[in-house]
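A.B. asks: Sequence unavailable; structure follows:
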DNA sequence: CGGGGGTTTCCGTAATACGGAAGCAATCAG
DNA sequence: CTGATTGCTTCCGTATTACGGAAACCCCCG
């Protein structure tokens, strides 16, 4: 087959074999707006042939990674959820941090968020909606850009330099007129975050909200997550919130250390 | 298919191909007491050759289904947790039910549990620990036998008859002197559950706890989950709790219907 | 420096996954 | 009733892929 005399074959290490790769692409076909799909939907969204999807989805169902709902559509299965509940950076983190997040919520009645970094984005691990709080559109398990939120700024500030370069180099998405999109300015803000130990996102995501976030660290000092309070703009001064958020972040760090 | 003449081989369709089957066995190797494993651990627990585990785990890591912690051990990855957060019977159910569970918690200050059935066991989808409550050893994402708890009795009472036979036919595990292990008696209790619309587990799991549970139904009337209150034995009469639990269950059913 | 636990790479063989195509089963429109 | 549409399931010959034993590797520890 490779009968060509010429030197071809760039040894592009295929990192995933066909079967697993395809199975994982099936899982990827699901998303917040697509929690229940027909077989054909999956095939379309994953770019796989229908018969392939049929075969693999059958295997995933047999194990419990997928299920079919009453309408016959495919959904993510409980068995997968059980296993995923063991993820240290997901449920594990969530459970250990929850009491402290609830304290923050009780004391302020504002929104509390907990997030970790995954590549060049963040994933919300918990969110407590305050009773008299600004509506915030975050979903547990949902993703968001690193560049705008309080938690995102913290996670970015302590991310590996290469990743910071990558994010600063790419176009920075604008959400409001206050969103910082200038790489220079953003770089300076990240330096401030490192210097101060907390981040402030002032109306960068929505016009009426401001968030203050602080880093959560593992015993080695590496930043592994971030907590934030999200309040209505004008209701609190950032300076008033930062000690509260910082001390909560430290308490959570300590709770994680004694695992 | 239903030809009588020759005894056909029972069509023992191998339902899972090698690759996926092995990959899923790797995921199964993780558990509550085994959230971080070495490659060798996984090989031992899954019964797979080391080189096979190495290859497949590598693919799972490349995708994010697994991660390696600071000690180099393998853990369940955040990417998998993200996808699993889309499971309708897991996070989906949890999110929609949570407000009602919190109401129950606020009103009683006791333990609240939410569970679904998976095969012949139950899986806890949420648990709220009451401030002045009996310590209960349940873990979100954890499994338990159907035969003893309040939620278990509800889920079993409305499970398909074959499954009830299976559970009643097998040896029923005893937790306390009060655990019902007689199949006859248990069958009668299940009939009562169906007749009354709620279940009571009286010190069947621990000596000091009693739980009252009620079914949550989908729009078609099928029981898909169960809620319960777990209280210290003697602190509340079951009759006092059942209206509360039943009405919460109905409220959750309604909330799910308007999805 | 030797031994042990864990990890990574290699590679010939055998078994498996692949997916196009055709058949099936509802549901809907006319 | 009929034909169209959408979605699901089965089949099967080929070629591609997964398989895993073995050996090298890499600490860390005594």
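C.D. replies: On my side now, so go ahead. Keep in mind the model is a prediction, meaning the values are calculated, not measured.
A.B. asks: switch to C-alpha atoms for all contacts and neighbour counts from now on
C.D. replies: Will do.
A.B. asks: Do you know the pLDDT at whatever residue of the stretch 101-250 of chain A ends up closest to chain B?
C.D. replies: Nearest residue of the stretch 101-250 of chain A to chain B, counting by C-alpha to the nearest C-alpha: residue A:141, 4.9 Å away. pLDDT, residue A:141: 97.
A.B. asks: ok, it - contacts?
C.D. replies: For residue A:141, the contact set (C-alpha atoms under 8 Å, 6 or more residues apart in numbering or on different chains) comprises A:123, A:124, A:125, A:126, B:81, B:82, B:83, B:85.
A.B. asks: Between all of those residues, which two are separated the most?
C.D. replies: Spatial extent of the contacts of residue A:141 (C-alpha to C-alpha) is set by the pair A:126 and B:83 at 15.2 Å.
A.B. asks: low-confidence ranges in chain A?
C.D. replies: Counting by pLDDT under 70, chain A contains low-confidence ranges at A:1-14.
A.B. asks: residue ranges of the helices in it, please?
C.D. replies: Assigned by DSSP state H, chain A shows helices spanning A:18-28, A:39-46, A:50-63, A:78-84, A:93-108, A:150-157, A:161-169, A:183-196, A:238-257.
A.B. asks: Tell me if the last one is near chain B.
C.D. replies: No: counting by C-alpha under 8 Å from any C-alpha of the partner chain, no contacts exist between helix A:238-257 and chain B, the nearest distance being 13.1 Å.
A.B. asks: What lies in contact with that helix?
C.D. replies: The contact list for helix A:238-257 (C-alpha under 8 Å, 6+ apart) reads A:93, A:96-97, A:100-101, A:104, A:197-198, A:200, A:211-219, A:226-229.
A.B. asks: one step back: out of the helices of chain A, which comes closest to residue B:158?
C.D. replies: Once those are compared by C-alpha to C-alpha, helix A:78-84 is nearest, at 18.9 Å.
A.B. asks: buried stuff in stretch A:92-101?
C.D. replies: A:92, A:93, A:94, A:97, A:98, A:100, A:101 (16 or more other C-alpha atoms under 10 Å in any protein chain shown).
A.B. asks: Can you tell me how far residue A:59 is from residue A:23?
C.D. replies: Distance from residue A:59 to residue A:23, counting by C-alpha to C-alpha, to the nearest Å: 9 Å.
A.B. asks: so what's in contact with those two at the same time?
C.D. replies: Common neighbours of residue A:59 and residue A:23, using C-alpha under 8 Å, 6+ apart, are residue B:20.
A.B. asks: The nearest residue to residue A:25 once chain neighbours are set aside: neighbour count?
C.D. replies: Once flanking residues are discounted, residue A:25 sits nearest to residue A:46: 5.8 Å by C-alpha to C-alpha, 6 or more residues apart in numbering or on different chains. Burial measure for residue A:46: 20 neighbouring residues, criterion other C-alpha atoms under 10 Å in any protein chain shown.
A.B. asks: try residue A:220
C.D. replies: 8.
A.B. asks: cool, and residue A:169?
C.D. replies: As a burial measure, residue A:169 scores 10 neighbours (other C-alpha under 10 Å).
A.B. asks: ok, now the one 3 residues further on?
C.D. replies: The local packing of residue A:172 (other C-alpha under 10 Å) involves 18 other residues.
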